[in-house]
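Peer 1: the following comprises the amino acid sequence and a computationally predicted model.
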Amino acid sequence: MAPARKTHCKNRHPYVVDQKGRQLCRQCKKKTDAMTYSATAVQARERNRRYLLAHPDAERAARLKRLYGITIAQFDAMMERQGGVCAICKKPPKAGKRLHVEHCHDSGRVRGLCCWVCNRHRLGRARDIDVPLYASIALYLANGFDGRSL
C-alpha cells in the first residue's frame, strides 16, 4: 500500500498537484515529490528501528542524559551503592522492572533511586517543598502510640 500523500506544506498551505504528479505550494513556491518524501520517511523509521534493535540501551542512555544528566554507568553505580533496593522502602524492584530516578524538580539534583510507589506516591505527592510534612510523619510513626491502650 502506498503511503498517503500530504495535503499541506510545512507552513500549512494547501498543495496543488501539477501534471508530473509533484505537489506544488503556490504560496511558498516550492515543489515536492510526495512519493519521494514518503519513501524517505519510511526509510528513516526503518533505519531508526534497526538502530534501536542493535543498540538496546541507546534510547535509555539518551533519556537518562536528557532528563537527569546522568549516564547508565552513574545509574548502575547508584544502584550498587543502594544495594539494588529502593532508597526509601529498601525493597528490590519487581522482576523485569528498574528503580526510578528520584530527583529534585527545582534544582535537578539526583537524590537516589526509588521504586515506583515511593517515587510517585510517597515522595511525589509531597512535592519537593514539604520537608516539614515528612519530618512530622516520621515523628508520628516513631512515637509508638497505640490507640488500643486507652
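Peer 2: Received it, and whenever you're ready, just let me know what you need.
Peer 1: next one: phi and psi at the residue nearest the centre of the chain?
Peer 2: Geometric centre of the chain, nearest residue: R63, 6.0 Å, by Cα atoms, centre = their mean. Dihedral pair for R63: phi -70, psi -40, per degrees, to the nearest 10.
Peer 1: swap in K91?
Peer 2: Per-residue torsions, K91: phi -100, psi 150 (degrees, to the nearest 10).
Peer 1: do A135 as well
Peer 2: Dihedral angles of A135 (phi, psi; degrees, to the nearest 10) stand at phi -60, psi -40.
Peer 1: can you count the residues close to it?
Peer 2: 10 (other Cβ atoms under 10 Å). Bear in mind the C-beta positions are built from the backbone N, C-alpha and C, glycine included.
Peer 1: what confidence value was assigned to it?
Peer 2: Looking at A135, its pLDDT reads 76.
Peer 1: now do it against F75, distance only.
Peer 2: A135 sits 29 Å away from F75, taking Cβ to Cβ, to the nearest Å as the criterion.
Peer 1: ditto for V85
Peer 2: Taken as Cβ to Cβ, the span from V85 to F75 is 15 Å.
Peer 1: more neighbours, the two?
Peer 2: Neighbour count, other Cβ under 10 Å: between V85 and F75, F75 has more, with 19 against 16.
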